[in-house]
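In: Structure for this input, please:
(chains A and B)
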There are 2 protein chains.
Amino acid sequence: MTDRTGSQLALAEEALKSIFSKRLTTARADREAHGRDESFHEPALPDMVVYPQTTEEVAEIAKICHQYAVPMIPFGVGTSLEGHVAALKGGVSIDLSRMNRVLEVRREDLLCMVEPGVTRKQLNTYLRDTGLFFPVDPGADATLGGMCATGASGTTTVRYGAMRENVLALTVVTPQGDIIETGGRARKSSAGYDLTRLFVGSEGTLGMITRLTLRLYGIPEQTSAAVCAFETVADAVNAVIATIQSGLQVARIEFLDELQVKACNQYSDLTLEELPTLFLEFHGTNETVERDANRFGELAREFGARDLDWATKPEDRNRLWAARHNAYYAGLNLRPGAQGLTTDVCVPISRLATCVEETKKDITASGLIAPIVGHVGDGNFHVIVLVDPEDREALKEAEAFNERTVERALNMGGTCTGEHGVGYGKMAWLAKEHASALPMMKSIKAALDPKGIMNPGKVVDKA
Amino acid sequence: MTDRTGSQLALAEEALKSIFSKRLTTARADREAHGRDESFHEPALPDMVVYPQTTEEVAEIAKICHQYAVPMIPFGVGTSLEGHVAALKGGVSIDLSRMNRVLEVRREDLLCMVEPGVTRKQLNTYLRDTGLFFPVDPGADATLGGMCATGASGTTTVRYGAMRENVLALTVVTPQGDIIETGGRARKSSAGYDLTRLFVGSEGTLGMITRLTLRLYGIPEQTSAAVCAFETVADAVNAVIATIQSGLQVARIEFLDELQVKACNQYSDLTLEELPTLFLEFHGTNETVERDANRFGELAREFGARDLDWATKPEDRNRLWAARHNAYYAGLNLRPGAQGLTTDVCVPISRLATCVEETKKDITASGLIAPIVGHVGDGNFHVIVLVDPEDREALKEAEAFNERTVERALNMGGTCTGEHGVGYGKMAWLAKEHASALPMMKSIKAALDPKGIMNPGKVVDKA
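Out: Presented below is the predicted three-dimensional model:
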């Protein structure tokens, strides 16, 4: 815990101001924009926002904040969902969005170096002419620094892995203001403790990521997408389970329940049948894509699937995935003015059908309006509970539903968060899920950030 | 550093003896067998060897050793190569080889739970009837606990990843004797710091692994292996680079230089042409294996490859891979009575041809007898320098060669160890490769093992 006082904060502000001048702001609008993410969690405003442009500047900030024991909260574009960026103890929001250069693409090594403020769409636009792409896709156009910090994954993880598998090396500024390099450019290494993976998912509580080396992949010769509707949720999910167990390689296999399909039809102007549905994508050559798609079709028919509806033209495919990416906003649109409380459990694949079905029953019994979408190939799904933000009772009910959903997943050997992270919203569940390991996590936090100034009140550090 | 005295050691021995009775030994032969690995590094004998059979027993040992500040060195089957198991400060060797049960196979979740003493061959034999297999294959029949602790990889990593990618969860006994669970059975999770990956490659310096949850894969419908010879080392390596860059999926792609081929011919009774050679394996369906193999063949011909020599029959395939796995012993056999000093660098794939060629020139210039083998698809290769163990001068020359090899790899953005780990043999190089990150690694070590009793003198902890 910090023993920061008003005057220490003032001294830090003065020191930072002398370096950053107009790139430091205490304007309320800026502070408000930096104290909240896209979730329903209560925002908390930082005392100031600083916009560094280099690793060295981030190190300068850290040295000053460390000297005066002032909290630091790294900020990308604020698309997190568990209150990650809320300045629970005030302090400095460090906005890394101006560090947004793609530094180098090494085509022959299938990797690139980027600053943390580069967003995933920006990177893929930059890469377009190289024949390469970066696969991790959480839906939101998050920054790669933020995606690394939260351990993001998404629609393509079933094929290409999550951030954990696709970050090779990091530059990190420590809470003391030292600059360290983790990992390397070789594909593999057994040289010492795996600090890279320690920082993936550390949510800004151990240090600040200022540069990333990422794995890239060749754009597949052929990509083809399809939509496949089922009579029941169980049929759809069981088709996914059978697909994964068969070893069939899909690039994406996303589930939308009938309410989410309805929402997407309305929001994205589609005309899908309002049934539990899978959105699929296959990557490969002309031959393999056709063969894999046929194999999936056969398999899906065993679960009573309707015929696959193919989107082979790029524009149809893009329309489909744009609709999937807008699923959250489409959901919100089902109930204008509503806020979404998003659950994020992940269970072993064998328990997925049961988990989704029981969750669905719970939604019905609770009278909630709550579409379901999921990266079901990984066992991960989200329920978006639509809540009138003015209705405190409804919010409490939604929270209780979230707790039941997490409890159900933990009882099935699952996790309270498949990809959104802990922030300050899931700390109690983290403590339950990893009761035996929590003291070790706390030891690591205390060892690397003894003053408790890195994003305090998050992950393992009670506010 | 411990302040262990003779009497503390005696007290620990007494306490352990009262629990383990005949499963504790101080016999010199046992101590000798536990103080050395398969490397040329100087052995160091533990004061005693204990054979626990359960996680709880390991925790009992840790509590006693913690109380008396006595070093603990976890031991599997001793196949490590950087002096990992040498008891540099004496203490207790904890032999986990009797904890060798496969606890559970969850076919539907493609995972299994094993004790740390299960070896990779034992696991795959156990799995034979399930249609599943565990892919990580470092050559030696190491224990899975040891493979996890050293961050092992091997011939199939190019397709299936290393231990890092294939360990889902661990049970760990801390240096204080607490039992913790890391990770989980869900395919992915963002719940807190990634302790699983911290323990992968921690080499017994942070705690002891007593149970592992591992990812399994369906045995491919079709497997086919081939041998492909080239005129020059550069041609062979460039064919590999082109293969990786093209995105073609190979399950194995191993390089042997002409001297290693000669050694394998002699040792394993093969009749290969004594040229730089690739051993390949393709996994898939009948169709995809044929197509991938043809694509590789076309690609290899551009680099002047001879015709591929196919081993489609299981017995031929097994003979080939047995020869590859025995490459180390085959190498030793080139010079009877010799010991092998094995290098282990890994470089970005674009630098591989240059790195191997320069290394080869160095071997020639130094007059060493030193075959080369490598997991070249990952950029990782080994030189086995054959040395008469009585000839101190020759050993020094071999060590100097190793240093030049590491230096060369680091200058190319590579790592001093692709898969063997640090032990006490590579500490100086770790310090050079990760100079900026070393203090953080040391902080973690100090936080989790403040008495410095877990495998002291290894990785980051100077003896």
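In: so does stretch A:253-271 get close to chain B?
Out: No. Taking CB under 8 Å from any CB of the partner chain as the criterion, stretch A:253-271 and chain B are apart, separated by no less than 12.6 Å. All C-beta atoms are positioned from the backbone trio N, CA, C, and that covers glycine.
In: That stretch: which residues count as buried?
Out: By 16 or more other CB atoms under 10 Å in any protein chain shown, the buried positions in stretch A:253-271 come out as A:253-265, A:267-268.
In: For the stretch 351-463 of chain A, what lies in contact range of chain B?
Out: Residues of the stretch 351-463 of chain A that fall close to chain B, judged by CB under 8 Å from any CB: A:378-380, A:413-422, A:426, A:429-430, A:433-434, A:436-441, A:443-448, A:459-460.
In: Try it again at 6 Å.
Out: Contact residues, the stretch 351-463 of chain A versus chain B (CB under 6 Å from any CB of the partner chain): A:378-379, A:413-419, A:421, A:430, A:433-434, A:436-437, A:441, A:443-444, A:447.
In: Farthest pair within the buried residues of stretch A:253-271?
Out: A:I253 and A:Y267 (21.7 Å; CB to CB).
In: circling back to that earlier point, are any of the residues of the stretch 351-463 of chain A next to chain B buried, and which?
Out: Buried among those by 16+ other CB under 10 Å: A:378-379, A:413-419, A:421, A:430, A:433-434, A:437, A:441, A:443-444, A:447.
In: In helices only, show me the residues you listed.
Out: Among those, the members found in helices (DSSP state H) are A:430, A:433, A:441, A:443-444, A:447.
In: and those residues as a markdown table, adding distance to B:N286 and pLDDT?
Out: Listed next are those as a markdown table, based on distance: CB to CB, whole Å; pLDDT from 0 to 100:
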| residue | distance to B:N286 | pLDDT |
| --- | --- | --- |
| A:L430 | 47 | 97 |
| A:E433 | 44 | 98 |
| A:M441 | 48 | 98 |
| A:S443 | 53 | 98 |
| A:I444 | 49 | 98 |
| A:A447 | 54 | 98 |
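In: List just the nearest of the residues you listed to chain B.
Out: The closest of those to chain B turns out to be A:A447 (CB to the nearest CB; 3.4 Å).
In: tell me the contacts of the closest one?
Out: Residues near A:A447 by CB atoms under 6 Å, 6 or more residues apart in numbering or on different chains: B:443, B:447.
In: what does the one helix or strand A:P74 maps to rub up against?
Out: Taking DSSP states H and E as the criterion, A:P74 maps to strand A:72-75. Strand A:72-75 has contacts (CB under 6 Å, 6+ apart) with A:34, A:65, A:85, A:87, A:92-95, A:204, A:208, A:453-455.
In: Compare these and tell me which is most surrounded.
Out: A:N455 (33 neighbours; other CB atoms under 10 Å in any protein chain shown).
In: Tell me where the stretch 301-450 of chain A is predicted with low confidence.
Out: Applying pLDDT under 70 to the stretch 301-450 of chain A picks out no residues at all.
In: what ranges do the helices span in it?
Out: Using DSSP state H, counting those that start in this stretch, the helices of the stretch 301-450 of chain A run over A:314-325, A:327-333, A:352-366, A:392-411, A:427-433, A:438-448.
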